[in-house]
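1. Give me a 3D structure for the following:
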Amino acid sequence: MKEIKYLSLKDLNAPYEKDIQHAISEVVSSGWYLQGKRIHDFEEHYAAYIGTRHCISCGNGLDALKLMLQGEMILGRMQPGDEVLVAANTYIATILAITSVGLTPILIEPTIDTLQMDDSLIESHITGKTRALLTVHLYGKCSVTPNMIAICKKHHLLLFEDNAQAHGCIYSEYGKRTGSLGTAAAHSFYPGKNLGALGDAGAVTTDDDDLAEVIRALGNYGSARKYVFDFQGRNSRMDEIQAAVLDVKLKHLDETNERRQDLAQLYLKYLGEDKKAGTTSHEMVPSNLYSPKESNVVHIFPILSSRRDELQQYLKENGVGTMIHYPIPPHQQKCYAEWNYLHLPITEKIHQQELSLPCNQCMEEEDVERIAELIRKF
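-> Below you'll find the predicted structure:
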């Protein structure tokens, strides 16, 4: 029986191995390993791809979030204690970034049919201290809605994007890519992402010239000129090797995203076949997560099951790897004990029932068919 891994990083990178090795060799031979030509080239290419004037590379996705928020605070657009609206079911890094710079997260429930922030709840959470909305494109799905943009304009809120999971995703209303829809966006290039490095790496994209200048200094110890420190910054720099690798893989991102989207449509087809038999396996897939197609680059293919742990074990016994994103929501984590009293039923249901199926460009169509058949049997 063929084993279907959840994700093999080696297989993801195999098609570009020669180009990656060549790019790394060039960096090694150059003798220049930080803040050189490869960083400049990748930042230029990625900004053009996303559709922004600036791309500022940094050490990882969490740093990208922190630098983006801290930069706005230095510019006086936010102050310590100000509130930032954010999806309650996001990965912990989004929340850590907000609290680490002295801002206050306000958790908003998602909808069960998209797993994204419920924009109908936003205005009820706005107070006199609300200064920003940080939307998270979870699972690869564009989370921005026309209503969300209208609310930000009406209440003069900064709109930030956590684009760690949605490289290349399209906002169908504007035909623009996620990462270019708000004031600024944070990106993670962790190896398992749709655009992944060979280690940690991140970036911020923005059209704001002032913000870009401040972020670039903050990531370099707070220095825009050598040995002159205008801000209390940090050391958060992407290295030349990671930039060279990302530049190789960026050329293929749309192609690999399209493959993921096609496989997701196959899952929808096969998991929906039981409708005729009156069974409910098709209800496991959130109904509007993959519509329209171009608005989800399928970083993760989640299903929901009240018997999640049993299903995961059953698939494992049949040679199929899966993951859970994520077993414990932020408001139930020990590090945020002050929130442990909260009851967020939709967020909690997602975290109790979510199971991520393999869905990446290394898979064959028969892999999807086999996994769907196993789920229907279960």
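2. from here on, contacts and neighbour counts on C-alpha atoms
-> Will do.
3. what ranges do the helices span in the stretch 151-300 of the chain?
-> 209-218, 240-250, 253-271 (DSSP state H, counting those that start in this stretch).
4. What residues are bridge-paired with L133?
-> The partner list for L133 in beta bridges (DSSP bridges) reads L85, L159.
5. pLDDT wise, what is it at?
-> For L133, the pLDDT comes out at 98.
6. Then the one 3 residues further on?
-> The pLDDT attached to V136 in the predicted structure is 98.
7. Isn't it up against A166?
-> No - V136 is beyond contact range of A166, at 9.1 Å (criterion: CA atoms under 8 Å).
8. Name the stretch among the helices of the stretch 151-300 of the chain that sits most buried.
-> A comparison of the helices of the stretch 151-300 of the chain by mean neighbour count, using mean count of other CA atoms under 10 Å, puts helix 240-250 on top with a mean of 23.
9. Buried residues, the helix or strand of the chain with the lowest mean pLDDT. List them.
-> In the chain, the helix or strand scored least confidently by mean pLDDT, DSSP states H and E is strand 223-225, which has a mean of 91. By neighbour count with 16 or more other CA atoms under 10 Å, strand 223-225 contains the buried residues S223, A224.
10. what's that strand packed up against?
-> For strand 223-225, the packing partners by 3 or more CA pairs under 8 Å, 6 or more residues apart in numbering; DSSP states H and E come out as helix 209-218.
11. quick one: pLDDT of S291?
-> 88.
12. how close does the closest residue to L195 other than its chain neighbours sit to K226?
-> Excluding its sequence neighbours, the residue lying closest to L195 (CA to CA, 6 or more residues apart in numbering) is F189, at 5.9 Å. For F189, the distance to K226 equals 27 Å [CA to CA, to the nearest Å].
13. I'd say Y16 and K251 touch.
-> No - using CA under 8 Å, Y16 makes no contact with K251, being 10.4 Å away.
14. Contact partners for N163?
-> Listed by CA atoms under 8 Å, 6 or more residues apart in numbering, the contact set of N163 reads V136, H137, T178, G179, A185, A186, H187, S188.
15. repeat for V285
-> If a contact means CA under 8 Å, 6+ apart, then V285 has L268, P302, I303, L304 as its contacts.
16. Let's test this: mean pLDDT of stretch 179-190, rounded?
-> 98.
17. Span of that stretch from start to end?
-> Across stretch 179-190, the terminal residues are separated by 16 Å (CA to CA).
18. contact partners of it?
-> The contact list for stretch 179-190 (CA under 8 Å, 6+ apart) reads 50-52, 60-62, 64-65, 68, 158-165, 167, 195-208.
19. and if you look at stretch 290-304?
-> 139-142, 165-172, 193-194, 257-258, 260-261, 264, 284-286, 289, 350, 353-360.
20. 6 Å instead, please
-> 139-142, 165, 169-171, 257, 260, 284-285, 353-357 (CA atoms under 6 Å, 6 or more residues apart in numbering).
21. most surrounded residue in the contacts of V285?
-> Neighbour counts for the contacts of V285, by other CA atoms under 10 Å, peak at P302, which reaches 25 neighbours.
22. hang on, that residue in a strand?
-> Yes - the assignment for P302 (DSSP: H, G, I helix; E, B strand; the rest coil) places it in a strand.
23. Please name the bridge partners of it.
-> Note on P302: beta-bridge partners by DSSP bridges are S356.
24. pLDDT wise, what is it at?
-> At P302, pLDDT is 98.
25. burial count for the closest residue in space to S287 that isn't next to it in sequence?
-> Leaving aside its sequence neighbours, S287 sits nearest to D113 (CA to CA, 6+ apart; 5.0 Å). Using other CA under 10 Å, D113 has 13 neighbouring residues.
26. tell me the contacts of D113?
-> Shown in contact with D113 (CA under 6 Å, 6+ apart): P286, S287, N288.
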